[in-house]
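Trainee: for reference, the sequence and a predicted model appear below.
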Amino acid sequence: MKLIAVLFFALLAYLQASDHYWSSEELDCIKELKLQNDKVGAISQPWGKPIATNNKALNDYFVCYWQKVGMLGNDGKIKWNKFKTHITNELINITVKEETNLDTKLHLGIVTYVGQIVKDSLEKCHKQNILGNTPGQTIDKVLNCLGNETREKLKTL
C-alpha cells in the first residue's frame, strides 16, 4: 500500500502542475496577477518538496485563490474547516478526473487511505498555529507543513 500511496502523490503533484488541471478560480488568479500557469504549477506543490515562502508572486497567488474558494478570510486568517473540506474534495476530484485502469474498489481504497493520511497531517498542522509575516507566507508554511507531515507518514508505512 505504501508504493500505491507514493505513486498517488506523484500523480497528484503531476496533475496539479500540468495545464490540464486548473480550476476556474486558479486561472482567474493567474490572469489577475499576470502569472504563467506552468511557473505557478511548478512551484506551488508541497507534495514532493517544500515550496518557497519568500516568493511574493506565489504568496499573492495563494491569497487570491484561497480567498476565492473561501479558505482565507478577509482578515487573512485560514478557515481550517473549509481548507480541510477543500483538500479532501480536491484529492477525490483529481483522481476521478484521471482515467485509471485500477479496479474501482482498489481505487476507492487508495483515495480513502491517502485521504486519511492527509486528514491526519492537516490536524497536526492546524494544532501548530503556523503563522508567517503575511497571509500568503502563512499559506506557504501551512502547505509545507502538510507536505512534510504527509511525506513523514508515508515513510512510516
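Mentor: Noted; the coordinates are in hand. Numbers count the residues shown, from 1 in each chain.
Trainee: show the average pLDDT along stretch 28-45.
Mentor: Averaging pLDDT along stretch 28-45 gives 81.
Trainee: distance check, Asn81 against Ile51.
Mentor: 23 Å (CB to CB, to the nearest Å). The C-beta positions use only the backbone N, C-alpha and C, and glycine is treated the same way.
Trainee: and these two? Which one has more around it.
Mentor: Neighbours were counted for Asn81 and for Ile51 using other CB atoms under 10 Å; Ile51 has more, 20 against 11.
Trainee: surely that one touches Cys145?
Mentor: No. Look at Ile51 against Cys145 with CB atoms under 8 Å: they stay out of range, at 11.1 Å.
Trainee: tell me the pLDDT of Leu12.
Mentor: Leu12 carries a pLDDT value of 57.
Trainee: nearest spatial neighbour of Phe62, skipping sequence neighbours?
Mentor: Closest residue to Phe62 apart from its sequence neighbours, by CB to CB, 6 or more residues apart in numbering: Ile139 at 4.2 Å.
Trainee: what residues of the helix or strand the one you found falls within count as buried?
Mentor: According to DSSP states H and E, Ile139 maps onto helix 135-155. If you call a residue buried by 16 or more other CB atoms under 10 Å, then helix 135-155 has these buried ones: 135-151, 153-154.
Trainee: what mean pLDDT does it get?
Mentor: Rounded mean pLDDT across helix 135-155 is 88.
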